[in-house]
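S.K.: Starting from these lines, generate the structure:
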Amino acid sequence: MSPEPLSQKDVEERLAELPGWSFEGGRITRSFRLGSHFAATAMVVHIAQIQEELGHHSELTLGYDTVSLSVHTHSAGGALTTLDFDLAHRVEGAAVGHGAV
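M.R.: As a prediction, this is how the structure comes out:
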């Protein structure tokens, strides 16, 4: 069963709990800067692990010292669901441990 899409009000309320994240093109997005390419790569691996645990995957981009995510729920027709915000919160927690800003 697919998760239910969130209302615009729910999206706005949940997004307010995630400083640094924004709503763009029907997705929530965030970019992080890290101290080096190796640190950014380590964070990508950590995010991939979180995504596997949740069974929910984002578009994840590795730059030289940056990591960017773009998240929405494919099984809900590309809408935003609680899965997207669960992933975002988990990524935020991981980012602190990697020294990401």
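S.K.: alpha carbons only for contacts and neighbour counts from here, please
M.R.: Will do.
S.K.: And the residue nearest to residue 58 when sequence neighbours are not counted, how close does it get to residue 37?
M.R.: Nearest residue to residue 58, sequence neighbours excluded (Cα to Cα, 6 or more residues apart in numbering): residue 71, at 4.8 Å. As for residue 71, its distance to residue 37 is 23 Å (criterion: Cα to Cα, to the nearest Å).
S.K.: neighbour count winner among the two?
M.R.: A count of neighbours by other Cα atoms under 10 Å puts residue 71 above the other of residue 71 and residue 37, at 26 against 16.
S.K.: Just list the residues touching the more buried one, thanks.
M.R.: Listed by Cα atoms under 8 Å, 6 or more residues apart in numbering, the contact partners of residue 71 are 27, 28, 29, 57, 58, 59, 80, 84.
S.K.: mind checking the SS state of the third one?
M.R.: The one in question is residue 29. strand (DSSP: H, G, I helix; E, B strand; the rest coil).
S.K.: Leaving out chain neighbours, which residue sits closest to it?
M.R.: residue 70 (4.5 Å).
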